[in-house]
Each structure stands twice: as C-alpha cells, then as structure tokens.
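Visitor: heads up, no residue letters with this:
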C-alpha cells in the first residue's frame, strides 16, 4: 500500500488578516496595499501575522521596494502566500516573512528590466549605473534567502527561472506548501 502524503496545512484567511495583491506592481496598487497593511496593523493583536496573497505578474522595482519597506517596518510578521508571483512578486516573496505557496502556485524570477532615456555620456550613464546598483542589491537579498551565491542566482535567473508548487520548496524559494480557506467576506479571494 502506498503511503499518502500528508494534506498541506490550511491557512484561514479573512479581511481581518489578509491583503490580496492581485495586480501589477505600480504606484497606485502599491499605495493601496500599503494603506491596507497599515489598517490591518492597527487592528491586529501584537505579533499576529498579516498574510499577503499574491497573484501578480510583477511590475515597478521602485514601487515594489516601497511595499517591501512598508511591510518590513511593521512590528509583526508579514507572510506571503503565492498563487502567482513573477518578477517583482518573486522579490516580495524573498524579502518578506514565511513564504507559503499553493500546490499549484507559480514563482518566476528574471533579470531586471528597465527602459530609460537620457543624454549619452551624461544622465543616461547615471541612470544605468543607478538601476544596476538597485538590481544588484535586490539580487543579493534574493540569493541569500535562497541559500545561493549571488553569481549562482544571477546565472539561474538569466533566462527566467520558473518554479511550481513543491518544486519551489526543493529550491528554497518557498517554505511550505499550503491550502487556503477564505472567509465568506473575502470578496477578492479566488477560492
């Protein structure tokens, strides 16, 4: 008789403890999510975690780092639950608390992409230097969280790195496969 895998933990989500980030990472969506973080932070008991349910293709690095900074400034854990977290969504996962993923959850990381314009041998050069530095710093945190050397991580993501469910656990990109149960009052929950 085959031994059955134990059923994943079921996390109970409600508007009281959860933010659903199901959008592109840009200024207005990030500001909305930061407002929600602060609202939950005021209402929850000390030390009680906030869950961020991610279903995002990523987006702006600068705006995304604002969200990470806001979440990390709270005096409580902020955990992620991945449905789909690509690009800056992957960065959210690696920069915040416990990294939960659904059995069919997807993570994807790649090299940073930027579109800039400016004078050659002038402001363009400074912008490129600036974005290379931001990218290096983000990659360092991701590599450390994944237990990799920076060069190994950068090589891995050069042509995109896609991970599915428990595969993310094997590669230390997530901590635990979970199921979620959303309360009836969670209108934006996909389950």
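Guide: Received, thanks. What you see is a predicted model, and the numbers here were worked out from it, not measured in a lab.
Visitor: shaky segments in the chain?
Guide: Applying pLDDT under 70 to the chain flags the ranges 1-3, 191.
Visitor: centroid residue for this structure?
Guide: For the chain, residue 92 is the residue whose C-alpha lies nearest the centre (C-alpha atoms, centre = their mean; 2.5 Å).
Visitor: what's the following helix or strand after the helix or strand containing it?
Guide: For residue 92, the element it lies in under DSSP states H and E is helix 88-95. For helix 88-95, the succeeding helix or strand toward the C-terminus, using DSSP H and E, is strand 99-109.
Visitor: Which SSE is immediately downstream of that following strand?
Guide: helix 123-145.
Visitor: That next one: which residues count as buried?
Guide: Buried positions in helix 123-145, judged by neighbour count with 16 or more other C-beta atoms under 10 Å: 131, 135, 138, 139, 142, 143, 145. No exception for glycine: its C-beta is placed from N, CA and C like everyone else's.
Visitor: Let me know the closest of those to residue 79.
Guide: Each of those was checked against residue 79 using C-beta to C-beta; the closest is residue 145, at 13.6 Å.
Visitor: Next up, the contacts around that closest one.
Guide: 94, 95, 172 (C-beta atoms under 8 Å, 6 or more residues apart in numbering).
Visitor: now swap in residue 89 and tell me
Guide: Shown in contact with residue 89 (C-beta under 8 Å, 6+ apart): 21, 25, 54, 56, 57, 58, 82, 107.
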